[in-house]
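> got a structure for you, letters missing:
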């Protein structure tokens, strides 16, 4: 297979820089960095940032584009890259819920990736670990009901939020709910619910989410309660989750940061209902929660090309 | 009523210093500070710390003792203060679940305070806001089932944990689960469940708790899911909770810190079940979560004496 020509769009952001890092770690060498006019010309390691213009992205010299820009910018630029012949994996929420566009976590619904028409969507950074944990439980016992409380790191809100946290006195940091609000729930909560339903292909799965931002730099944690349709002993759930994810007695963001895998632990009975389970799932929100998952989606297709 | 003679035992700790502050704010002037031999002789404002010996506490010159020391020290010292004739409000977990010892949140079960035999117990810092929120919902519609995810501040783990957080680079802070663990749940989770059942006088109430320490200095937050026995519209729940607590659209530890009241917000339907509600409750864990609640318990009895 010829080396794929990869464009990273939004390369200077929190997820973009980790995307470049993950690509390097995985041995990709034909990589170009794109960002806004403001950042064009700056250096990122041995790359010079190019301006992400419609012309540059549609020029036909890219096989794959990994987008980590805002939703509006994605809507504007992604179609140009598709026109130029690149497969686009978009990390914004622009296309995630659009019918016909695959929303993919490779380990959960990787087979959907091949149904793309140029665009694939990367889920929200909380959706990826959540669906990764729910899938094996659903396959074994069916999922009837899910409740999730999130502990989301500052880096999920971008590079500027990370700078703000770095500049805060530790004692002054507060919890926050820095998402758009419709009077009832945050858009972040609606995303986590709708994306989980789409990925698991359970459009009516009842899910209640409570999102919170915590003063931690990297790593999203989620405290999850699940009711299964059939009984599922905690020991069996531990086996199933251990086969899909990495078991950890006390998974925290600090333990997950910098790792590619998803940590799961504290798997126990939820004694308030018949078939209740509770557990904690944590991952590096910039890697498996964003950059790495997007690359893994692309790799499904690169592999598919080799096979074809 | 003569001015009550008050001893604060454990006066140099995180809760002890706030106890002295709350007593000052409320106009008490006959206050003595007790602590371990190591701290004896040091100054706390205009008080000189006395050693908390069995002899000093049983000398008969204290009407009220407020204890904020470890469980083992409480077990050792409280009986001496009782013997000396002081009413003791203990903030450790030593006596909380002991039959016959009132475990009191004045706004929730204040009437139980009069049943004391010298010792009253102050609940865990998460139990106080949780029961304060559950009580009006239970009175209106009955509570069938509760799930709680906590976001607990460093100060809940004492003065040393606060120093550690202050010395941490903001980017390096992690979530933590710094409680004793029996392989299934933390003692903190067991406390929150059992204390809530005792205070609400619902010994079989199903409760599932997931505790987490967050790198925030002061203020515990709890994300709560409740199923009521009878239907209860979110608007009605908002009225009930607003009458008992302080409504806040986005209650965070930073907003609750330094305040005496409990903030409650994000009251909404839990769409996963018939009679489900979700909300967020936050309070200053050192004030209403500990020091202030203990003083308010004592005030129930001081008032009772005046009335008698």
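That came in fine, so what should we check first? Note that the coordinates shown come from a computational prediction; the quantities given were computed from them, not determined experimentally. Residues are numbered from 1 along each chain as shown, chains lettered A, B, ... in the order given.
> now for the closest residue in space to residue A:206 that isn't next to it in sequence, how many residues are close by?
Excluding its sequence neighbours, the residue lying closest to residue A:206 (Cβ to Cβ, 6 or more residues apart in numbering or on different chains) is residue B:272, at 3.6 Å. Where you see a C-beta, it was placed from the backbone N, CA and C, and this is true even at glycine. Using other Cβ atoms under 10 Å in any protein chain shown, residue B:272 has 19 neighbouring residues.
> and for the one 3 residues further on?
The local packing of residue B:275 (other Cβ under 10 Å) involves 18 other residues.
> any chance you could map the strands in chain A?
Secondary structure of chain A (DSSP state E): strands at A:6-9, A:31-35, A:43-44, A:47-48, A:50-51, A:64-67, A:87-90, A:119-121, A:143-151, A:207-210, A:220-228, A:246-247, A:263-269, A:276-283.
> ok, residue A:214 - contacts?
A:151-153, A:175, B:151, B:175, B:214-216 (Cβ atoms under 8 Å, 6 or more residues apart in numbering or on different chains).
> ok, of those, which one's closest to residue B:14?
residue B:216 (13.8 Å; Cβ to Cβ).
> now the closest one: how far from residue B:192?
From residue B:216 across to residue B:192, the span is 18 Å (Cβ to Cβ, to the nearest Å).
> one more: residue A:127?
Counting by Cβ to Cβ, the gap from residue A:127 to residue B:192 is 29 Å.
> can you count the residues close to the closest residue in space to residue A:264 that isn't next to it in sequence?
Nearest in space to residue A:264, with sequence neighbours left out and distances taken as Cβ to Cβ, 6+ apart, is residue A:245 at 4.4 Å. Other residues lying near residue A:245 total 24 when counted by other Cβ under 10 Å.
> residue A:245 contacts residue A:260, correct?
No. With contact defined as Cβ atoms under 8 Å, residue A:245 does not reach residue A:260; the gap is 11.6 Å.
> can you redo the strands of chain A as a markdown table with mean neighbour count and distance to residue B:5?
Listed next are these as a markdown table, based on neighbours: other Cβ atoms under 10 Å in any protein chain shown; distance: least, Cβ to Cβ, whole Å:
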| stretch | mean neighbour count | distance to residue B:5 |
| --- | --- | --- |
| strand A:6-9 | 28 | 71 |
| strand A:31-35 | 23 | 69 |
| strand A:43-44 | 12 | 69 |
| strand A:47-48 | 14 | 73 |
| strand A:50-51 | 16 | 76 |
| strand A:64-67 | 29 | 70 |
| strand A:87-90 | 26 | 70 |
| strand A:119-121 | 25 | 69 |
| strand A:143-151 | 24 | 45 |
| strand A:207-210 | 23 | 46 |
| strand A:220-228 | 25 | 45 |
| strand A:246-247 | 16 | 56 |
| strand A:263-269 | 22 | 47 |
| strand A:276-283 | 27 | 47 |
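> who wins for proximity to residue B:282 among those strands?
Of all those, strand A:207-210 sits nearest to residue B:282, with 12.7 Å by Cβ to Cβ.
> packing partners for that closest one?
Helices and strands touching strand A:207-210, as assessed by 3 or more Cβ pairs under 8 Å, 6 or more residues apart in numbering or on different chains; DSSP states H and E, comprise strand A:143-151, helix A:187-200, strand B:276-283.
> how far away is the residue nearest to residue A:206 from residue A:275?
14 Å.
> again, but for residue A:77
Residue A:77 is 46 Å from residue A:275, where distance means Cβ to Cβ.
> same thing with residue A:290?
Taking Cβ to Cβ, one finds residue A:290 at 33 Å from residue A:275.
> same deal with residue A:38?
Residue A:38 sits 53 Å away from residue A:275, going by Cβ to Cβ.
> ok, now residue A:45?
50 Å.
> one more: residue A:167?
Counting by Cβ to Cβ - residue A:167 and residue A:275 are separated by 47 Å.
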